[in-house]
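S.K.: Sequence plus the predicted model coming up.
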Amino acid sequence: MSRKKLLSVLLAAALGLSLLAGCGQSAAPAAAASSAKEEAAPAAAASSAKEEAAPAAEKSEAPAAEKSEAPAAEPAADVDPNKESIKVGAVRSQTGVFAMFDQTAFGPCYRMWVDKVNADGGIYVEEYGKKLPIDLIVYDDTSDMNQMTQLYQKLILEDQVDFLLPPVSTAFLSAAVPIAAQYGYLMIGAEGGSDTLKEALAKYPDFFSVLNYSVTQVPAIVDLMLEQGMKSAYIVYIQDTHGIEYSSAAEPAFKEAGIEIKEMKSVPADLADVTPIINDAMASGADAFILFTYPQITYPAIEVSKALGYNPKMFITGPGGSFESMKAACGGDEGIEGIIFEGAWNDKGSPEAAQFAKDLQEFNKDDPAFGMDWWGHIVYYASLEVLQQAIEGAGTLDNKVISQYIKDNHFNVSMGEIWFENQEIAHECFLGDLGQWQNGYPEVIDADENRTADPIVPKPDWP
Amino acid sequence: MTTVLNIIITGLIMGGIYALISMGLSLQYGVAKILNVSHGEFIMIAAMLTWVFVNRGIHPLLALVLCCPLTFIIGFLLHITIFRWLNINSGTAAAYESNAMLLCFGLYFIFSNIAMQIWGSNPVGYQFLNRSVAFAGTVTAINKIVVLIIAVAVSILFYLFLTYSRLGKSIRAASQDPVAAGMLGMNIKMIMAICFGIGAMLAGIAGTLISMYSQVDTGMGMGYTMIALIVVVLGGMGSIPGSMIGGLILGFVGSIFGYIEPSLSMVAYYLIILVLLLVKPKGLMGR
Amino acid sequence: MSKTNDRGGARIKQQIIPIVIVAVLFGLSFLTRTGSALRPSYYVVLFVSILNYIVLAVSWNIFSGPSGYISLSTAAFFGLGIYVSALLGEKLPVPLLMIVAGVISFAIAAIIGVITLRLRGVYFTIFTFGLVLLLQYFILWYEVKFNNLRGRTVMAVPYNTVFICLLILAGIVLIAAYYVKRSRFGMALTGIGECEDAAAHIGVNTTMVKVIAFAATSFAIGASGAAKATTMIYIDPPIAFNVMMSFMPVLMVIFGGAGSFLGPIIGAIVFTLLQEQLTTKWPKWYMIIFGVVMIISIVFLPKGLVGSFGEMVGKRKKLLLIAATAVFMVVGFIFTKLLAAAGTNIGGLVFPLLFGIIGFVIFANVLKRGKEAA
């Protein structure tokens, strides 16, 4: 018995040592090709603490250096006259808790974009002297982070795609951006605009954020409230990056504007019943009721408010409030009359926007789950148009060059003329920050020149 | 005072629904020995079907009547097919119990994803009695009161059915001692299948009721399964009165935390069952 | 095959298997040569997943397989490991992170083991499951309330490093699983599974055995969580304490064969490959097909692949079963090629895997029937 135990311990030790030795040898020759071999060899040896903790900045720069030399090192990135398509890869949550976003938010946009580009024969890339159609590869991460990171690695390492599209949700984006940066890919975000991503913007020069978020929307809310003479607010926020960020932006902004915050309530994503919150808000007598929450809470909150007859002067909702599909969930046009939402755009914004709204509805007319999103759709689509124009303009598939091109140029897209400032779409390019449902139409009601209709305040009675 | 009254009303309504959901699960485990982790999917299916029916112009209360047999049949058919095969193939009772739980997990995958393929994942809803009544300074939605009344009525009917009807007595006999009940000439297999069907039907009723006062979506099932599991453990596996009491307790806890700190309600639920299990390892009314 | 090993001439065999394990894992370590630290080969990425699941499944099987206590706490300790990496990732190298996560998991598991002693059967299962959600919701509440954040970034570490660390961990867990099964300790666990009271009567300290087994396997689970976290980059409580992580190892073990040595390994490999293939080749349908495969395998192979294989009497039948499975897999492969030739390029390993499973299920049942008839 004791001999056996001894043997097992010895074996385990032998295993450990031999593996360490094995990988120590193995990393060196493979890394020789890499321009960053000093970092690679010791890191793979799995031994020293310092190399492990190499600052992230160094990491993001190292692959950048590698990529710029890439044409010489990797045949895949070299100009290959036989290249027949541009490979675009995406990992999207087609099942699981985030499936809703791929079905209704960025999903319809990238599908239509690929369809349109390919119907047109492809994107003209000067390097290749011809139009290259898009070969779209979409994997399903089942709303699971483990799968998501693994499948992006597969897209990059095995499929060797030319471009990456972003994953669903801010959390996944936060993980996908470093992966893309590590291999020198540019990434333009979609769902998920957030203050926390600002750090990522500074750290990863090839990451672009497109959606407008708390930084511009909270001031817009404040402006609107001041304009309409609102004195107090009751804020509910979801325990998510979105809710945390909006509520922490709102707190100082409201104080500064002299708007009293009656209560700030955090709620879990799977709140069982919103009645207590509505009762509490009703008792507080606040002028504005603000929900920085997702549809699973926003929609029941609307219904319960209706049932209890809670009708604040302003009823402001977060993501989901801009969805056309909210009508089906909350009693049609009259059921959502006067609800204010984060967003916003509509087909009055510009002729291009009107055309885009028509096209998108036409493209998705067979999908019963589809509904327009009057916050994100045009921005998501614009980001794809930017990518397309940047590829054409730069005349290459080199992500670094294209990334620089995006930073340096203005683009004419569905949103009108847009450009990037600090890797974000400049604020003046947006068609609006706040919208309001008026007779079933999403009017933009910002307190500035984007306004397409005067806000209806106080909110009309529930039907 | 108003707040206290509010807490009580909200607690009663939540508790009523929770009790209804958990009675089905408790029955399925108590008699058929299946810990049905796909229980919430039956709720979801009934809720989505109700929405479909209502969109076709059928009154929600009529939809309730339609969904009952539908979910019963789904549950019954599942039991006389795959669960029976599983029972034949698993050697021991313990192996059957754990395999059945995993099988239900497979059912959860299939049901929730097929539903998502069919109906998408947007929340959907319809309007039903969306007004309120005032009572001593509180306001309560009428649809919730209707839901509470139906839930209580169904619970009482079900309890009477178990206590007094012939089939109900057989079910109780089968849950206490299946072997002896079998010797007395009862068709145990059929009783188990019926119980599984009834469990699914109770979930279906709950699903329809939930759709009357809240939006529903194809991803809602798992959350309710978790609640039902907590309630059933709280009340004691297989005990129908235990489920009712457990459901009410959880409803009140949820309601209280809804007013104080909503984000801690789940923590509170789990803390309660963890502590209770340490004190009473078989739940409140467990045998 | 494992059951006959305990006797007589199996001594040499007993020492051969650990050597084989070491040799195979050592061979695998050369995979890191196919890519650099900055650009690893995809096989390394895939094997990180497979090894991770092997560690989870085998650890789960050491305790729950023989003892019959179905624990769903895997995700709790896995999540703790992830949070250790998130909090200490910039200060410690991966092996140390794994040890810290392991020790913390061990300590918490030991405490939980002691207080849940009275729970049996499904109550134990639900208690452990509740633990996962309790931790998830509590940490979420705490992070939002006191740190005003939801998620955290985990220091990224090259895949090759994570791969080697998990390889070593898997080696340790596998060798431990092999010897535990053959030790008095393993017999005590089996005794608990068969009849706990009887085991206590013949002098087994059931409390001690259960707690030690539960805590020790949690060590490995926590350690693998710490390693895997470094490839996840961004985590928040629902991601870290993902309940799927509790169920997947159980499914893998049941599919492969609970209580056996090879079962969990085969289950982990087949399920991870199937998952990877389905999510990439047939997105959207992955969950449904996965559910169907699960149900088929549970209903028709309640003892798992290895268990059903062990039921075959005689070498002839065993060979026949293997041959049949292989033929089905080849047919699946040819089918994929035919489809590709016809212009629909879906598949990869999907059809070989699915066909192989179906072939095994059919023949295992047919051959067993034959035995009963005889």
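M.R.: Nice, I can see it. Note that the coordinates shown come from a computational prediction; the quantities given were computed from them, not determined experimentally.
S.K.: Only C-alpha atoms from now on, for both contacts and neighbour counts.
M.R.: Fine.
S.K.: what about B:Leu86, neighbour count?
M.R.: Using other C-alpha atoms under 10 Å in any protein chain shown, B:Leu86 is surrounded by 24 other residues.
S.K.: ugh, wrong one, B:Val275
M.R.: 12.
S.K.: Let me know the distance separating it from chain A.
M.R.: Distance of B:Val275 to chain A, given as C-alpha to the nearest C-alpha, to the nearest Å: 22 Å.
S.K.: before we move on, which element is that residue in?
M.R.: helix B:265-279 (DSSP states H and E).
S.K.: and that helix, C-alpha only, in PDB?
M.R.: Backbone C-alpha positions of helix B:265-279 (Å, rounded to 0.1, in the frame of the first residue of the first chain) are rendered in PDB as follows:
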ATOM      1  CA  SER B 265     -34.800  38.900  -2.300                       C
ATOM      2  CA  MET B 266     -33.100  35.900  -4.100                       C
ATOM      3  CA  VAL B 267     -30.400  35.900  -1.400                       C
ATOM      4  CA  ALA B 268     -33.100  35.800   1.200                       C
ATOM      5  CA  TYR B 269     -34.800  32.900  -0.500                       C
ATOM      6  CA  TYR B 270     -31.700  30.800  -0.600                       C
ATOM      7  CA  LEU B 271     -30.700  31.700   2.900                       C
ATOM      8  CA  ILE B 272     -34.000  30.700   4.200                       C
ATOM      9  CA  ILE B 273     -33.900  27.200   2.600                       C
ATOM     10  CA  LEU B 274     -30.200  26.700   3.600                       C
ATOM     11  CA  VAL B 275     -31.000  27.500   7.200                       C
ATOM     12  CA  LEU B 276     -34.200  25.600   7.200                       C
ATOM     13  CA  LEU B 277     -32.500  22.500   5.800                       C
ATOM     14  CA  LEU B 278     -29.900  22.600   8.500                       C
ATOM     15  CA  VAL B 279     -32.600  22.700  11.200                       C
END
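S.K.: Output the set of residues of the stretch 151-300 of chain C in proximity to chain B.
M.R.: Counting by C-alpha under 8 Å from any C-alpha of the partner chain, the stretch 151-300 of chain C comes close to chain B at C:251, C:285, C:287-292, C:294-295, C:298-300.
S.K.: about what we covered before: for the helix holding B:Val275, what is the average pLDDT?
M.R.: For helix B:265-279, mean pLDDT rounds to 85.
S.K.: again, but for stretch B:127-136
M.R.: 78.
S.K.: Name the residues of it that come out as buried.
M.R.: Under the neighbour-count criterion of 16 or more other C-alpha atoms under 10 Å in any protein chain shown, stretch B:127-136 has B:Gln127, B:Phe128, B:Asn130, B:Arg131, B:Ser132 buried.
S.K.: That stretch near chain A at all?
M.R.: Yes - against chain A, stretch B:127-136 shows contacts by C-alpha under 8 Å from any C-alpha at B:Gln127, B:Leu129, B:Asn130, B:Arg131, B:Ser132.
S.K.: May I ask which two of the residues of the stretch 151-300 of chain C next to chain B are separated the most?
M.R.: C:Trp285 and C:Phe300 (22.4 Å; C-alpha to C-alpha).
S.K.: A:Asn118: which element?
M.R.: helix A:106-119.
S.K.: low pLDDT regions in the stretch 151-287 of chain B?
M.R.: B:287 (pLDDT under 70).
S.K.: Report the central residue of chain C.
M.R.: C:Ala57 (1.9 Å; C-alpha atoms, centre = their mean).
S.K.: Quick check: it touching C:Ser246?
M.R.: No - between C:Ala57 and C:Ser246 there is no contact, the gap being 9.8 Å when judged by C-alpha atoms under 8 Å.
S.K.: Could you pull out the residues contacting both of the two?
M.R.: Counting by C-alpha atoms under 8 Å, 6 or more residues apart in numbering or on different chains, C:Ala57 and C:Ser246 have no contacts in common.
S.K.: how about stretch B:104-121: buried residues?
M.R.: Result for stretch B:104-121 [16+ other C-alpha under 10 Å]: buried residues B:104-117, B:119-121.
S.K.: can you list the residues that contact that stretch?
M.R.: By C-alpha under 8 Å, 6+ apart, stretch B:104-121 touches A:95, A:99-100, A:103, A:368-369, B:35-38, B:41, B:45, B:217-219, B:221, C:285, C:287-292, C:294-295.
S.K.: Now restrict these to buried residues only.
M.R.: Applying 16+ other C-alpha under 10 Å to these flags A:95, A:99-100, A:103, A:369, B:35-38, B:41, B:45, B:217-219, B:221, C:285, C:287-292, C:294-295 as buried.
S.K.: Of the residues you listed, which belong to helices?
M.R.: In helices, defined here by DSSP state H, the members of these are A:99-100, A:103, B:41, B:45, B:221, C:287-292, C:294-295.
S.K.: So which of the residues you listed is the closest to A:Ile259?
M.R.: Distances from A:Ile259 to these, taken by C-alpha to C-alpha, are shortest for A:Met100, at 34.8 Å.
S.K.: got the contact list for that closest one?
M.R.: A:Gln94, B:Gly120, B:Ser121, B:Asn122.
S.K.: would CSV of those residues with pLDDT be doable?
M.R.: Supplementary listing: the contacts of A:Met100 in CSV, determined by pLDDT from 0 to 100:
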residue, pLDDT
A:Gln94, 85
B:Gly120, 83
B:Ser121, 83
B:Asn122, 83
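S.K.: check which helix or strand covers A:Tyr139.
M.R.: strand A:134-140.
S.K.: Run the chain-centre distance for the next helix or strand after that strand.
M.R.: Note on strand A:134-140: by DSSP H and E, the next helix or strand toward the C-terminus is helix A:145-153. With C-alpha atoms, centre = their mean, to the nearest Å as the basis, helix A:145-153 stands 17 Å off its chain's centre.
S.K.: Which secondary structure elements does the following helix or strand past helix A:145-153 sit against?
M.R.: On the C-terminal side of helix A:145-153, the nearest following helix or strand under DSSP H and E is strand A:163-164. Secondary-structure packing of strand A:163-164 (3 or more C-alpha pairs under 8 Å, 6 or more residues apart in numbering or on different chains; DSSP states H and E): strand A:86-92.
S.K.: returning to what we had before: so which of the buried residues of stretch B:104-121 are in helices?
M.R.: B:104-117, B:119.
S.K.: quick revisit: how distant is the helix holding B:Val275 from the center of its chain?
M.R.: Using C-alpha atoms, centre = their mean, the distance between the centre of helix B:265-279 and that of its chain works out at 20 Å.
S.K.: Tell me which other helices or strands that helix touches.
M.R.: helix B:221-235, helix B:240-260, helix C:121-142.
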